[in-house]
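Q: got a structure for you, letters missing:
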Ligand SMILES: O=C(O)/C=C/C(=O)CC(=O)CC(=O)O
Ligand SMILES: [Ca+2]
Ligand SMILES: [Mg+2]
């Protein structure tokens with residue numbers, strides 16, 4: 001078999017650029033007067049799709065008119081595929097160059113916006129390594145995995161309204177915690193943490209009462225982003241019994257600005273780890289195309305790389321999460337976002353949160369400037385990036401999600 005060659009873009013960029021033609025992620029940037037416009041990243045440039053589409057495509061005139069992604073998300077897989085095909089043609093064929101180049105500008109010139117209104121937000125807990133690590137720290141003396149963990153993807157509903165785009169400053173949260181001597185205290189969190197995750201963006205709604213089976217995952221989910229689920233461990237560990245995470249996680253959740261279509265991740269699909277016991281039929285993916293993903297993340301704290309988690313280690317796939325999230329008949333809406341849960345692997349170097357990397361603060365990390373960290377200090381910056389294999393040895397980039405911690409604002413007592 002001859003090696004499959006991928007088309008190259010006429011947009012100048014190094015051959016291994018993670019935003020080559022193989023990726024084509026969608027985002028929203030602030031255009032003239034701050035008005036949102038839909039953009040597609042190509043190399044270090046952004047194609048202004050809101051402007052180019054009505055002028056060049058001659059179809060679906062309103063698809064990008066709002067400058068945000070909701071209409072595209074709702075339009076469904078046939079439209080997603082047509083759009084990707086057309087963009088590929090525009091950005092690869094020499095004959096298109098002249099008319100398309102007029103809609104390109106450097107990405108560095110733009111401020112990226114939250115690309116769609118987040119409808120509902122769910123966060124899962126799908127890494128066996130993360131769940132076992134946290135279980136042993138939060139519930140010492142009991143089994144690290146709860147009895148339900150291998151029967152279903154455990155999750156909770158988060159706060160959609162506090163999801164922010166990469167780069168938004170993260171104000172240190174305040175709240176209640178219990179000190180070592182049992183005293184209840186109130187004040188700014190002293191154990192502010194990160195969680196490196198992937199987020200899955202729902203495009204096509206589903207009806208109430210109609211569960212979404214495993215094999216319909218790609219009929220509803222448009223694409224993937226990076227998520228940093230900022231977590232105040234002191235608030236979380238005191239409040240979470242018995243209803244689960246609440247204020248320790250609802251103050252801010254950051255997502256990357258570029259949504260990478262599922263279509264760009266075809267070459268990253270891998271078999272997930274073996275699942276024992278066998279899950280019930282609605283979660284059993286043994287006899288169908290599976291959604292393990294070879295997406296490799298890197299987490300940096302103040303410039304120092306502190307972790308390299310891989311999504312391929314996740315026990316539950318996003319298709320299983322979607323099937324579980326709807327098994328009770330809950331309907332999906334355009335703009336629903338569900339996050340995978342912290343991505344942690346089997347090695348210390350592949351843990352996706354500081355609480356695991358420092359083992360509850362016992363082993364500080366060395367970071368830039370000769371400093372040590374257990375949890376985050378004011379001024380700290382966290383950057384999560386990720387890549388995945390693309391066709392013909394290309395690399396698909398997921399871009400980055402960044403955030404800097406700023407001091408708590410209000411004095412809460
Ligand atoms: O109580 C626990 O075991 C811990 C729960 C979490 O930290 C929830 C969470 O955000 C899950 C995740 O990201 O994997
Ligand atoms: Ca989380
Ligand atoms: Mg959060």
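A: On my side now, so go ahead. Note that the structure is predicted; figures quoted are calculated from it, not measured. Ligands and ions are numbered 1, 2, ... in the order given.

Q: Show me where the protein dips below the pLDDT cut-off.
A: 1-5 (pLDDT under 70).

Q: longest strand anywhere in it?
A: Secondary structure of the chain per DSSP state E: the longest strand is strand 395-406.

Q: What residues of that strand count as buried?
A: Using 16 or more other C-beta atoms under 10 Å as the test for burial, strand 395-406 gives 395-405. For glycine as for every other residue, the C-beta is placed from the backbone atoms N, C-alpha and C.

Q: for stretch 155-173, same thing?
A: 155, 158-160, 163-166, 170-173.

Q: so what's the closest residue to ligand 3 within the chain bridging to?
A: Here the chain gets closest to ligand 3 at one residue, residue 253, 3.5 Å apart by C-beta to the ion. Taking DSSP bridges as the rule, residue 253 bridges to residue 163.

Q: Could you do residue 178 as well?
A: Going by DSSP bridges, residue 178 forms beta bridges with residue 184.

Q: in the stretch 101-250 of the chain, which spans are helices?
A: Taking DSSP state H, counting those that start in this stretch, the helices of the stretch 101-250 of the chain run over residues 128-138, 217-220, 233-239.

Q: Same list (the ones you listed) but as CSV, adding mean neighbour count.
A: Output for those, formatted as CSV (neighbours: other C-beta atoms under 10 Å):
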stretch, mean neighbour count
helix 128-138, 20
helix 217-220, 19
helix 233-239, 21
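
Q: between these, which gets nearest to ligand 2?
A: Taking the helices of the stretch 101-250 of the chain one by one with C-beta to the ion, helix 128-138 is closest: 8.7 Å.

Q: so what's residue 268 up against?
A: Applying C-beta atoms under 8 Å, 6 or more residues apart in numbering to residue 268 gives the contacts 293-295, 388-390, 396.

Q: mind listing which of the buried residues of stretch 155-173 are in strands?
A: Reading strands off those with DSSP E, I get 155, 163-165, 170-171.

Q: Need the phi and psi values for the residue in the chain that ligand 1 sits nearest to.
A: Per C-beta to the nearest ligand atom, residue 341 is where the chain lies closest to ligand 1, at 3.0 Å. Per-residue torsions, residue 341: phi 100, psi 160 (degrees, to the nearest 10).

Q: Tell me who's in contact with it.
A: Neighbouring residues of residue 341 by C-beta under 8 Å, 6+ apart: 123-127, 130-131, 155, 195, 197, 314.

Q: Now render the residues you listed as CSV, adding distance to residue 353.
A: Output for the contacts of residue 341, formatted as CSV (distance: C-beta to C-beta, whole Å):
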residue, distance to residue 353
123, 13
124, 14
125, 12
126, 14
127, 10
130, 7
131, 12
155, 17
195, 5
197, 10
314, 15
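
Q: which of these are close to ligand 1?
A: 123, 125, 130, 195, 197 (C-beta under 6 Å from any ligand atom).

Q: looking at the helices of the stretch 101-250 of the chain, which is closest to residue 70?
A: helix 217-220 (14.5 Å; C-beta to C-beta).

Q: Ramachandran coordinates for the residue of the chain most remote from its centre?
A: The outermost residue of the chain relative to its centre, with distances by C-alpha atoms, centre = their mean, is residue 181 at 37.7 Å. Here the main-chain torsion angles of residue 181 (degrees, to the nearest 10) amount to phi -90, psi 10.

Q: Burial check on residue 179, number of neighbours?
A: Burial of residue 179 is recorded as 11 neighbouring residues (other C-beta atoms under 10 Å).

Q: If we ignore the residues flanking it in sequence, what's nearest it?
A: Spatial nearest neighbour of residue 179, chain neighbours left out: residue 185 (5.5 Å); criterion: C-beta to C-beta, 6 or more residues apart in numbering.
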